[in-house]
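coords please:
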Amino acid sequence: MTDAIAATNTGTTTVREGFEIDAAALGAWMEANVEGYAGPLTIEQFKGGQSNPTYKLVTPGRNYVLRRKPPGKLLKGAHAVEREAKAMAALGKVGFPVPRVFGVCTDDGVIGTWFFVMEMVEGRIFWDATFPDVSREERPAYFDAMNATIAALHKVDYVAAGLGDFGKPGNYFERQIGRWTKQYLADEEAGRDAGMDRLIEWLPDNIPPGDETSVAHGDFKVDNMIFHPTEPRVIAVLDWELSTLGHPLADFAYNAMMYRMPPDIVAGLANADLAALNIPTEEEYVAAYCQRMGRGAIPNWDFYIAFQFFRLAAIFHGIKGRVARGTAANEKARERAKAYPRIVDLALAAMEKCN
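Below is the predicted model:
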């Protein structure tokens, strides 16, 4: 199944119907806004990318990547490509591994929706969290690299980086639960779910005490990282659409959620033989993060996991709605929509562990 996921998401294809781009208009914009650009321009569409359609821009001198808002009716606040670009531009300046941003366009008149153009980073993307193409001896180093990268993100001084206005510090869980609840309730085409309704009732009353703020990626999973071609080192973190100022433990829980995630949904380790694979356990992975951040154990750990499965369920609910509206960017969106009830069940399972 993971081979099928990799084949589905790896590489490019011809631009899909309904997602075409006027190459002449884009080329003219790039000539005016992207330093060093020289055509002619060829446009291909990446197979991956559930939310914001992503394109490979091929020119004789170099390749670029374009991310755009999808065409059609959009939910308010969703598909914020300008936020992605702002996060990457700021983090790149402080040495965090992100692609270079060349330009942002907020004029719908160029290609029909807002977009930005960034560097195409060459390296390895792993769609399988067991790292099957890596030797057993090397696997711990890849998990350590992921762990070190998210810890480095949470240590960034977001004010000094120019991201002081990137979100509201404090009350992250209350605000996020409210945001995703509102988005869930607003998407009438996707329908209601009894499990989600239970989570919406339980989560606000069980937020752990204490508050912290850092830059939060929002979708920090293995396939949103580009690794060095030969070394266990993260050279670029991708897909900043959901980034904001948030609680670092929430962001880290999303990353650690891979230990409970079925691999046929997104890259996960559920039911994997971690000892045989030489992969650190969830407890060891959490402990490594805590050591890097100079903190003790994380009380109420399962709340953070329940919250993140709820949040992911809300995202999948949105995919379900886009499928119903015919605006889903990825050909595998229907499978994501079908997986939505299982994500709700995983959130409920973590919730039950808290009781």
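
and the gap between Y142 and F126?
Computed with CB to CB, to the nearest Å, the distance linking Y142 and F126 is 8 Å. Glycine gets a C-beta too; all of them are placed from N, C-alpha and C.

my error: substitute L312 in the last question.
Counting by CB to CB, the separation of L312 from F126 is 19 Å.

between those two, who's got more neighbours?
L312 (24 against 20; other CB atoms under 10 Å).

my read: the more buried one touches I343, true?
Yes: using CB atoms under 8 Å, L312 is in contact with I343, at 5.4 Å.

now do the shared contacts for these two.
Residues touching both L312 and I343 (CB atoms under 8 Å, 6 or more residues apart in numbering): none.

remind me, longest helix of the protein?
As assigned by DSSP state H, the longest helix anywhere in the chain is helix 301-325.

which helices and strands sit right next to that helix?
helix 172-186, helix 194-202, helix 248-256, helix 333-354 (3 or more CB pairs under 8 Å, 6 or more residues apart in numbering; DSSP states H and E).

now with 6 Å?
Packed against helix 301-325 by the contact rule (3 or more CB pairs under 6 Å, 6 or more residues apart in numbering; DSSP states H and E) you find helix 172-186, helix 248-256, helix 333-354.

among these, which is nearest G296?
helix 248-256 (12.2 Å; CB to CB).

and the angle for that closest one with helix 333-354?
Helix 248-256 and helix 333-354 meet at an angle of 120 degrees, taking axes from the mean of the first three to the mean of the last three CA atoms, to 10 degrees as the criterion.

please work out which residues outside helix 248-256 touch it.
By CB atoms under 6 Å, 6 or more residues apart in numbering, the residues outside helix 248-256 that reach it are 150, 154, 212, 214, 216-217, 220, 285, 289, 304-305, 308.

A25 and V104: what is the separation?
From A25 to V104 the distance is 16 Å (CB to CB).

look at these two and report which has more neighbours.
Using other CB under 10 Å, the more surrounded residue of A25 and V104 is V104, with 18 against 13.

quick check: beta-bridge partners of the more buried one?
Taking DSSP bridges as the rule, V104 bridges to F116.

so it touches F116, yeah?
Yes: between V104 and F116 there is a contact at 4.3 Å, judged by CB atoms under 6 Å.

list the residues that contact both of the two?
Shared contacts of V104 and F116 (CB under 6 Å, 6+ apart): A85.

show me what contacts the closest residue to M225 other than its chain neighbours?
Nearest residue to M225 in three dimensions, chain neighbours excluded: V234, at 5.0 Å (CB to CB, 6 or more residues apart in numbering). Applying CB under 6 Å, 6+ apart, we find V234 in contact with 97, 145, 149, 225, 227.

now do the same contact list for the last one.
Read it as F227. 123-124, 234.
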